[in-house]
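Asker: 3D, please:
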Amino acid sequence: MTVLTLVLMGGNNFFYDAFGESLESGLVHEILGMILFVLWVVHLVLNRAWIKGLLKGKYNALRIVRTVINCGVILCVLLLIVSGIILSNHLFAWLEIESGASFARAAHMLASHWYLIFISLHIGLHLSMFIRGKVAMGVVSALGVYGVYTFIERGLWKYMTLQQPFFSVDLEHGYLLFTLDYIAIMALFAVVMQLVMQALNRYFYIKNA
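Answerer: So this is what the prediction gives:
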């Protein structure tokens, strides 16, 4: 799912060399988007106990943070699939949706970039499960530091606030650097989230000691 996210963040640009501006480049993007949506549906079904428990029990700071992040991911996924269907020129063209394209483009761009941040924070909630050892964590942290630079350089904050009306991907230095930049951005927010969770866990441990 993370790999699909990174590929889809490049729009149709990852498929440009193979298909040019032909019909297939947009079709591949739509197919991968649908695959990612299906995977999220499966993920939610497998974790349906969390959904059922949303209105049960008490909420402390830790649970609030987790809930906000998870709901943020779900909201972005829903906005992406709805706007994607409206903009579809292939998989859902048979619906013949003729209105709302302008809104859908803005919503798709906004949701895709917020989705990247929320999914990174979501990974950060469980980062210690995937990254073990000081060396591995040091590498991820170093990527996160670089992520500060590339977050600003790539102008993601402009997309997240709709200050940039059109999506533009700078592939001047190739696909590899583009992917590395976005991995660094994900590492940045994942590490920040882990530090926040560690601080909260330490606070509640001391408080309840």
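Asker: For the residue nearest the centre of the chain, what is the enclosing helix or strand?
Answerer: The structure's the chain has its C-alpha centroid closest to residue 116; by CA atoms, centre = their mean the separation is 2.2 Å. Assigning secondary structure by DSSP states H and E places residue 116 in helix 101-125.
Asker: Equivalent analysis for residue 147, please.
Answerer: Take DSSP H and E as the rule and residue 147 turns out to sit in helix 134-153.
Asker: Show me what the mean pLDDT comes to for that helix.
Answerer: Averaged across helix 134-153, pLDDT comes to 93.
Asker: any idea how far the nearest residue to residue 145 once chain neighbours are set aside is from residue 119?
Answerer: Distance criterion CB to CB, 6 or more residues apart in numbering; nearest residue to residue 145, sequence neighbours excluded, is residue 188 at 7.7 Å. Where C-beta positions appear, they are placed from N, C-alpha and C, glycine not excepted. Going from residue 188 to residue 119 by CB to CB, to the nearest Å gives 13 Å.
Asker: Low-confidence ranges, this structure, go.
Answerer: The chain contains residues with pLDDT under 70 at 12-25, 170-173, 205, 208-209.
Asker: gap between stretch 190-200 and the chain center?
Answerer: Between the centre of stretch 190-200 and the centre of its chain there are 18 Å (CA atoms, centre = their mean, to the nearest Å).
Asker: got the buried residues for the biggest helix by length in the chain?
Answerer: Using DSSP state H, we find that the single longest helix of the chain is helix 175-208. For helix 175-208, the buried set under the neighbour-count rule, 16 or more other CB atoms under 10 Å, comprises 178-194, 196-197.
Asker: what packs against it?
Answerer: Packing contacts for helix 175-208, counted by 3 or more CB pairs under 8 Å, 6 or more residues apart in numbering; DSSP states H and E, involve helix 2-8, helix 61-87, helix 101-125, helix 127-130, helix 134-153.
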